[in-house]
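J.: structure for this input, please:
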Amino acid sequence: MVTTLTNPQTTTWVNVFSTDKGAVYQSDAERCWYVNFAGKIAKFDYRCLMKLRKAVYNVDIEGKLLETTKDPDVEIIFICACDHTYILTLLQIIALKEILEGTFVMLQLNQILQDRLYRTAV
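T.: Numbering: from 1, shown residues only. Below you'll find the model as predicted:
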């Protein structure tokens, strides 16, 4: 199911993937993605979205859970060349990872469908 939202600047956002914790929207007019997570909506181009994905995937969640130190279970995710920084707990990192995994699966699925439809049409 495709959900579309219209923001106040009259651009249409298409819901790529969402959970009860957040969502990722695509704006074709602006050629960017909007990540709605942890109480803020952040705008990313494709390069920065890939950097966010890499930063979240590089967090060793299992290692952090197995640590016996009394350090806080908080991770700062800063993406170089992007304007956004996230300070997240481990549960939030897991939720963001789920959102990003689902987003990239949907983007790959869309690419596969476009390839198959274009090949049969030509």
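J.: what sits closest to the most centrally placed residue in the chain if chain neighbours are left out?
T.: Within the chain, the residue whose C-alpha comes closest to the C-alpha centroid is residue 100; the distance, by CA atoms, centre = their mean, is 3.9 Å. Distances taken as CB to CB, 6 or more residues apart in numbering place residue 53 nearest to residue 100, at 4.9 Å, with adjacent residues excluded. For every residue, glycine as well, the C-beta is placed using N, CA and C.
J.: can you tell me the helix or strand for the one you found?
T.: helix 46-57 (DSSP states H and E).
J.: which helix or strand in this structure has the lowest average pLDDT?
T.: The helix or strand with the lowest mean pLDDT-type score in the chain, counting by mean pLDDT, DSSP states H and E, is strand 4-6 (a mean of 51).
J.: list the buried residues of the lengthiest helix in the chain.
T.: When the chain is parsed with DSSP state H, its longest helix is helix 90-121. Along helix 90-121, these residues count as buried under the neighbour rule (16 or more other CB atoms under 10 Å): 92, 93, 95, 96, 99, 100, 102, 103, 104, 107.
J.: cool, and stretch 39-59?
T.: 42, 43, 44, 48, 49, 51, 52, 53, 55, 56, 59.
J.: for residue 20, give its distance to residue 44.
T.: According to CB to CB, to the nearest Å, residue 20 stands 21 Å off from residue 44.
J.: hmm, I was thinking of residue 15
T.: Spatial separation of residue 15 from residue 44 under the definition CB to CB is 15 Å.
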